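Engineer: Let me see the structure of the following:
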Amino acid sequence: MIKKTLGVITFLLITACEQPASESTTVPQVTLTESERLNQWFDEKYEERILMSPMTLTSLGRKERYDEFDDFSEAAEDKQLAWQAQTVAELKNSFNYNALTEDAKISYDIWVYQYEATKALIPFRHNKYVFTQMMGNHTSLPNFLINFHKVEDSTDMYAYIKRIVGLSTAIEQLLERAKLHASEGVRPPYFAYEGVIEQASNLLIGQPFDTSKVDSPILKDALNKIKGLLENNKISAEQAETLETDVITALKTQFQPVYENLITWFEEDMSYVSKEATGAGALPNGEAFYNAMLLSSTTTDLKADEIHKIGLSEVDRILGLMEEIKHTVEFEGSLQEFFSYIKSDVNNQQFYYPNTDEGRQGYLDDSTAYL
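Structural biologist: Residues are numbered from 1 along each chain as shown. From the prediction side, this is the model:
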């Protein structure tokens, strides 16, 4: 694409030079359709959006803002929402919806819906669990640093070290939010507390946090990346030593205190949580929050009890179909016994393909024929 573009530019320059001085050249104007204009606008807004998120940039393989983590404060959420609101207003004022193709209309509608869905959940953001054993940034942020931050030169490694500091700031922000939610009576289940404490504690096992002979997960990753630079002659031995020292300093002065604070608070706050788990609906404003999450997740206005009834109805319907199959194959016994029979009848190969190349090919052939 670059070579082709340069060729066109060169041709135009040569042609322009050959024109008599009195002549002027007119560049034809390209008229875009409304949908083409919209797609250009989406490209621009997409670029604006990802530039707001250093982590998104990194996940896309880009190195802008490579030494930063995202801002996890409520103020950052408000700023993001204000940007979305501004883009929706711009979208509605700049484009004729009726002139768009059907695909472009879908893109338009999704952009508006994403803003409205985000806005609808803002009143319930204190109902959300900040840290849990399954969806906690206390583990996902270190994993991001280890798995997504590629180090190809010394600059990348210095950015890595800055990100240890940024990670620590992010955990501080999130811990403050967890404390705020807890002050309003919103706490995750007891088992989530246990999981978070265990996971956070595991990140502080090993060097430089204790005197054991193993390295902690982040230090191990950092040392491997510094070693890679040294082996590829990207840095000197002296630079490697300096980088190692800087990593250890950042881990001990930034990372360790923040995670110790996180663990301490969770250990102390556990006393306010019942060991018997309750759902989100039992929390303050829980029913409204649950219904708002249903709307966000399902795009319907069905309430929890209505969806539950649909689920029960579907279970009955599917079990009925299974009963029909049981009778069709003339199995004598209950449906549960039929399930057990199917699972245990591996050797007869009546319900299973043999664990061979022929069996695998048979599965592919039958699947293709079915499709």
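Engineer: Would you report the backbone torsion angles of Asp215?
Structural biologist: For Asp215, the backbone dihedrals are phi -90, psi 150 (criterion: degrees, to the nearest 10).
Engineer: Return the distance of Thr33 relative to Pro142.
Structural biologist: In this structure, Thr33 lies at 47 Å from Pro142, with CB to CB, to the nearest Å as the measure. To be clear about C-beta, it is placed using only N, CA and C from the backbone, and glycine gets the same treatment.
Engineer: Please read the previous query as pertaining to Glu323.
Structural biologist: Taken as CB to CB, the spacing of Glu323 relative to Pro142 amounts to 50 Å.
Engineer: what about these two, which has more around it?
Structural biologist: For Glu323 and Pro142, the more surrounded residue by other CB atoms under 10 Å is Pro142, and the numbers stand at 22 against 13.
Engineer: just checking, that one touches Ala200?
Structural biologist: No - contact between Pro142 and Ala200 fails when scored by CB atoms under 8 Å: they sit 9.8 Å apart.
Engineer: contacting residues around Glu77?
Structural biologist: With contacts defined as CB atoms under 8 Å, 6 or more residues apart in numbering, the neighbours of Glu77 are Ile122, Arg125.
Engineer: again, only using 10 Å
Structural biologist: Under the criterion of CB atoms under 10 Å, 6 or more residues apart in numbering, the contact partners of Glu77 comprise Asp71, Thr118, Ile122, Arg125, Arg177.
Engineer: After the strand or helix carrying it, which helix or strand is next?
Structural biologist: Assessed by DSSP states H and E, Glu77 sits inside helix 74-94. Scanning the chain past helix 74-94 towards its C-terminal end, the next helix or strand to appear is helix 102-121 (assignment: DSSP H and E).
Engineer: any idea how far the helix or strand immediately after that next one in the chain is from the chain center?
Structural biologist: Per DSSP H and E, helix 102-121 leads on to helix 137-148 as the next helix or strand towards the C-terminus. Between the mean C-alpha point of helix 137-148 and the mean C-alpha point of its chain there is a distance of 11 Å (CA atoms, centre = their mean, to the nearest Å).
Engineer: and helix 137-148, what does it pack onto?
Structural biologist: When contacts are defined as 3 or more CB pairs under 10 Å, 6 or more residues apart in numbering; DSSP states H and E, helix 137-148 sits against helix 54-59, helix 154-183, helix 190-202, helix 217-231, helix 256-269.
Engineer: nearest to Glu314, of these?
Structural biologist: Proximity to Glu314 (CB to CB) singles out helix 190-202 among those, at 28.7 Å.
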